[in-house]
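Asker: here is a sequence together with a model predicted from it:
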Amino acid sequence: MDKHSSQSSLVASLQDVRRDSGKTYSQIAAETGLTNVYVAQLLKRQAQLKPETVPKLREALPCLVDHQIQEMMRPPMRSYDPNLIQEPTIYRLNEAVMHFGESIKEIINEEFGDGIMSAIDFYCSVDKVKGVDGKDRVVVTLDGKYLPYTEQKSEHMMSRQHPGGN
C-alpha cells in the first residue's frame with residue numbers, strides 16, 4: 001500500500017472511531033481540553049497528537065487502538081486536496097477571506113505594525129450562536145500569534161557569521 005492510500009485508510013479509520021462513538025468534535029474537544037477544529041485536525045491527520053493529550057483522547061474515544069494513537073503521534077504530512085475548493089462551505093470560507101482579507105491585513109498592520117498572523121502558533125474554533133434575529137449563526141475564530149517582519153541586517157544573519165566572531 002502506498003503512503004497516500006495508507007494515510008487515507010488511517011484517516012477513514014479515525015473518522016469511523018469518532019462516528020461510532022456518537023460524539024461530535026465539540027464534545028471530544030470539551031473532554032480533551034482542545035478546540036473542536038484541532039480535534040478534527042487530529043482525526044484527519046493534519047495535526048500531531050502530543051503525548052500529554054493521549055490519555056484524554058483515549059478516554060474520550062476508547063475505541064482508538066494503539067496503532068492509531070502511534071500514527072497520530074507522528075508528525076503529519078499537512079496538505080489539502082485542491083479539489084476541496086469545489087465544496088461549498090470551503091469555497092465560501094475562501095471567498096470570505098478573499099473579500100475581507102485586504103481590510104483584515106490593513107487592520108493588523110494598523111494595530112500591530114508590519115507583520116502577519118501565524119498559522120502555526122494558531123488556534124481555531126467553530127461555534128454556534130443565535131443572531132439578533134434568533135437565527136443560527138456560525139462563528140469562526142482564527143487566533144494566531146502576531147509575527148512582525150524583521151529588517152534583514154546582515155550582522156544578524158547567523159549563516160554569515162565566521163567561526164570565532166565577525
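Answerer: Here it is on my side, so go on.
Asker: use CA for all of it now, contacts and neighbours both
Answerer: Fine.
Asker: and E71, that's in a helix?
Answerer: Yes - counting by DSSP: H, G, I helix; E, B strand; the rest coil, E71 is part of a helix.
Asker: number of residues surrounding it?
Answerer: By other CA atoms under 10 Å, the residues close to E71 number 15.
Asker: other residues contacting the lowest-mean-pLDDT helix or strand in the chain?
Answerer: Every helix and strand in the chain was compared by mean pLDDT, DSSP states H and E; the lowest is helix 3-21, with a mean of 90. The contact list for helix 3-21, computed with CA atoms under 8 Å, 6 or more residues apart in numbering, reads 24, 43-45, 61, 63-64, 68.
Asker: give me the buried entries from those.
Answerer: Buried members of the contacts of helix 3-21, counted by 16 or more other CA atoms under 10 Å: 43-45, 61, 64.
Asker: tabulate the residues you listed (TSV), appending secondary structure and pLDDT.
Answerer: Putting the buried ones among the contacts of helix 3-21 into TSV (DSSP: H, G, I helix; E, B strand; the rest coil; pLDDT from 0 to 100) gives the following:
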residue	secondary structure	pLDDT
L43	helix	97
K44	coil	96
R45	coil	96
L61	coil	98
L64	coil	97
